[in-house]
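> With the sequence up front, the predicted model follows.
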Amino acid sequence: MYKSFIEDPILFLKVSLIIICVFIIQTPVYGESLISHGIEADYILVEKSLKRLTLFHKKSPIKRYSVALGRNPQGPKLTQGDLRTPEGRYIIDSRNPDSNYHLSLHISYPNEIDLLITGIAGVSPGGSIMIHGTGDEYAWMGDYHDVVDWTDGCIAVTNEEIEEIWELVPDGTRIEILP
């Protein structure tokens, strides 16, 4: 008869080691260890409804952040000044080390689709959409930076988090912003 793996110490040890190995392989590496191992994000996913930004490396999530969005977060950005965070596919096309919001990564908004829609509507799409920190002005919020959506359409994380993202995300990284 078969013994339960709990009754067989050798089998129990083997099963335990397999579970531990699977857990280690499946667990994303976080923080400084990513930078020290030379891992860079190759894709960013922003889920507006979850107020979450996830960095990916080779289709595996490596770090997640809670975010604050534009003050009018429902729906895609339609025009300059609507306080909405855009939705669509873009790239990180530049960075600003002298940002008012500590550091910032520029998102290539508007894309061709955004320009087509706003062109038909006869309105300006706006621009200067960034992933940025809280800067000095909002640093007092700390980890509560995401409780209220407060940006003009950008994606905000803490100052410490934007420093980490700055190191992990090279220019040219794809970013997708979902509703």
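Sure thing, it's come through.
> Please enumerate the helices of the chain.
For the chain, applying DSSP state H gives helices covering 9-26, 32-36, 112-121, 135-138, 159-168.
> from what I can see Arg71 touches Asp152, true?
Yes. Contact criterion CB atoms under 8 Å: Arg71 and Asp152 qualify, at 7.3 Å. Placement of C-beta: from N, CA and C, glycine included.
> Look at the residue lying closest to Thr79 once chain neighbours are set aside and report its pLDDT.
Closest residue to Thr79 apart from its sequence neighbours, by CB to CB, 6 or more residues apart in numbering: Val123 at 4.2 Å. pLDDT for Val123: 94.
> cool, and Phe12?
58.
> Let the chain start at 144 from now.
Sounds good: first residue 144 from here, last item Phe155.
> in the lengthiest strand in the chain, what's buried?
Secondary structure of the chain per DSSP state E: the longest strand is strand 231-239. For strand 231-239, burial by neighbour count (16 or more other CB atoms under 10 Å) applies to Gly231, Tyr233, Ile235, Arg238.
> Geometrically speaking, which residue is the centre of this protein?
With distances taken as CA atoms, centre = their mean, the chain has Leu196 as the residue nearest its mean C-alpha position (2.6 Å).
> partner residues bridging that one?
Leu196 has these beta-bridge partners by DSSP bridges: Val189, Tyr208.
> Let me see the contact set for it.
Ile187, Leu188, Val189, Arg207, Tyr208, Val210, Ile274, Ile298, Val300 (CB atoms under 8 Å, 6 or more residues apart in numbering).
> Next, work out how far apart the first one and Ser203 are.
Read that as Ile187. Per CB to CB, to the nearest Å, Ile187 is found 13 Å from Ser203.
> One more: the third one?
Between Val189 and Ser203 the computed distance is 17 Å (CB to CB).
> Could you check which of the two is surrounded by more residues?
With neighbours defined as other CB atoms under 10 Å, Val189 and Ser203 compare such that Val189 has more, 23 against 11.
> give me the low-pLDDT residue ranges for this protein?
The chain contains residues with pLDDT under 70 at 144-180.
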